[in-house]
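[1] Show me the folded form of this:
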Amino acid sequence: MNSSYDFLVVGAGIAGLRAVCELGRHGSVLCLAKQALTESNTQYAQGGIAVALAADDSPALHLADTIAAGAGLVNDAAARILCDEGPRRVRELMDWGVQFDRDERGELAFTREGAHCRSRVLHADGDSTGREMARALYAYAARMPNVTFAAHGFCRNLLVQDGRVVGVELLLEDGSVQKITARAVLLGVRQRLRNGTVIKFDEYFNYPNWQAHEYRAWQEFVAAFGVKYRYLGFTASGGWVAVEITDTGTCRTT
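    Numbers count the residues shown, from 1 in each chain. As a prediction, this is how the structure comes out:
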């Protein structure tokens, strides 16, 4: 592990891995995981991916089902992006090695769930969809010559210089501290807001990981956008940007 990279991604779940797959084409990337690289919330995601890929389906039908099921709570523009871009992103995942379940004829095995009017939900190894996606994305990214992965490194602080984020401070497994700098930093970790209080959560291990640097950044972020689920990135120009990466890999910025 070097001391400087073009891009630094904190988190090795599906959000971080998808970002690494893209950033690896544009410069050197370090992806950090606080535990083993195979341990993340993504590994435990059992639900499938709804996508209009079947012959009798279309993004327009998918969108109509999504809006109807939302009972007035759906952001139509966001839903349209999800439904329109979903087929391309799922094909991309398959090109990168994700093995979705198939029927006896070798065709993709779609299931019908919830309010969907068509069978459009894909699974991988039954209820192991998240694990399979993480496996494939890691394998794809690990083959990229510009990408480095580092496990058991806890990001305990953001490095700030002249008002801009320039890297992170890592607490390593042996107790030592290392500073890593980068032109851009992406926090690909999962956060939730409860009753206006910002916390970091881990559904399976309950680590008290919320750090002051994340709290300060999220306080500013939430005050500006008032949203509940996003990833927060810091740019080389010194600002920060809201980055939302869906389960199918679609990346949107604010």
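
[2] do you know how far Glu169 is from Ala33?
    Glu169 sits 16 Å away from Ala33, going by C-beta to C-beta, to the nearest Å. C-betas here are computed from N, CA, C, even on glycine.

[3] neighbour-wise, which of the two wins?
    Neighbour count, other C-beta atoms under 10 Å: between Glu169 and Ala33, Ala33 has more, with 22 against 15.

[4] pretty sure that one is touching Thr42, no?
    No - counting by C-beta atoms under 8 Å, Ala33 does not reach Thr42; the two are 11.3 Å apart.

[5] May I have the strands that pair with the longest strand along the chain, each with its orientation?
    Ranked by residue count, the top strand of the chain under DSSP state E comes out as strand 177-187. Using DSSP bridges, the strands paired with strand 177-187 are strand 4-10 (parallel), strand 164-172 (antiparallel), strand 231-234 (antiparallel).

[6] quick check: mean pLDDT across it?
    Strand 177-187 shows a mean pLDDT of 89.

[7] From the chain's centroid, how far away is that strand?
    18 Å (C-alpha atoms, centre = their mean, to the nearest Å).

[8] how about the CA coordinates for it, as CSV?
    In CSV, the C-alpha atoms belonging to strand 177-187 read as follows (Å, rounded to 0.1, in the frame of the first residue of the first chain):
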residue,chain,number,x,y,z
VAL,A,177,-1.5,4.9,12.0
GLN,A,178,-0.9,5.6,8.4
LYS,A,179,-1.9,8.7,6.3
ILE,A,180,-3.0,8.1,2.7
THR,A,181,-3.5,11.1,0.4
ALA,A,182,-5.5,11.2,-2.9
ARG,A,183,-6.8,13.7,-5.4
ALA,A,184,-10.4,12.6,-4.6
VAL,A,185,-12.0,10.6,-1.7
LEU,A,186,-15.2,8.6,-1.9
LEU,A,187,-16.9,7.4,1.3
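
[9] May I ask you to confirm that Leu82 is in contact with Thr66?
    Yes - taking contacts as C-beta under 8 Å, Leu82 lies within contact range of Thr66: 7.3 Å.
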